[in-house]
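# Based on what follows, work out the 3D shape:
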Amino acid sequence: MSNAKERLKQFVENQKLTVNKFCTKNSFSNSFFNNKSAIGSDKLETVNKNFPELNIDWVVTGRGEMIYKQPENVSEWKEKYYRLLEMKITVVEPETNDAKKTNDVDAVGGEHELSIAAEPDIEITKTKK
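Model prediction:
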């Protein structure tokens with residue numbers, strides 16, 4: 001049965017990285033894989049930050065897939081999201097129903113609820129406390 005370091009080596013090979021590049025990217029010593037001790041949560045957290053596509057559950061337990069599968073429509077949603085960010089944002093104050101255009105969401109202040117409609121604008125409605 002494979003342990004976590006052996007599974008990380010499989011990931012390194014799968015990504016066509018060298019052990020040295022993997023260790024450097026994660027700020028691990030070059031002897032990381034030679035050391036027989038278990039991997040600490042701090043090291044797993046670092047690997048997760050640098051390789052978000054790696055399934056950490058797979059590293060620890062061997063269950064599931066090595067790499068998270070990206071749903072086919074995610075790239076389409078990302079494209080729509082970035083297009084929406086480039087558009088002007090409509091902010092509607094619920095008390096007056098006045099709308100103003102802004103490119104700076106932070107300039108509005110307070111807590112807001114974001115709703116994306118089929119229209120080309122984004123509507124942000126201020127929530128009442």
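# What's the local residue count around Val12?
18 (other Cβ atoms under 10 Å). C-betas here are computed from N, CA, C, even on glycine.
# my read: it touches Phe22, true?
Yes. Counting by Cβ atoms under 8 Å, Val12 touches Phe22, with 4.8 Å between them.
# Name the helix or strand of this protein that has the lowest mean pLDDT.
None of the helices or strands of the chain scores lower by mean pLDDT, DSSP states H and E than strand 112-116, at a mean of 48.
# so what's Gly64 scoring on pLDDT?
We note a pLDDT of 91 for Gly64 in this prediction.
# got a pLDDT number for Ile39?
90.
# residues in contact with it?
4-5, 8, 59 (Cβ atoms under 8 Å, 6 or more residues apart in numbering).
# now with 6 Å?
Ala4 (Cβ atoms under 6 Å, 6 or more residues apart in numbering).
# now swap in Asn48 and tell me
Counting by Cβ under 6 Å, 6+ apart, Asn48 has contacts Ile56.
# Helix or strand for it, just tell me which one.
helix 41-50 (DSSP states H and E).
# Doesn't Lys80 belong to a helix?
Yes. Using DSSP: H, G, I helix; E, B strand; the rest coil, the assignment for Lys80 is a helix.
# mind checking how far Trp58 is from Arg7?
Shown here: Trp58 relative to Arg7, a distance of 7 Å by Cβ to Cβ, to the nearest Å.
# What of Val47?
11 Å.
# Next: Val59.
5 Å.
# More neighbours: which of these two?
Legend: neighbour count by other Cβ under 10 Å for Val59 and Arg7, higher for Val59 (24 against 19).
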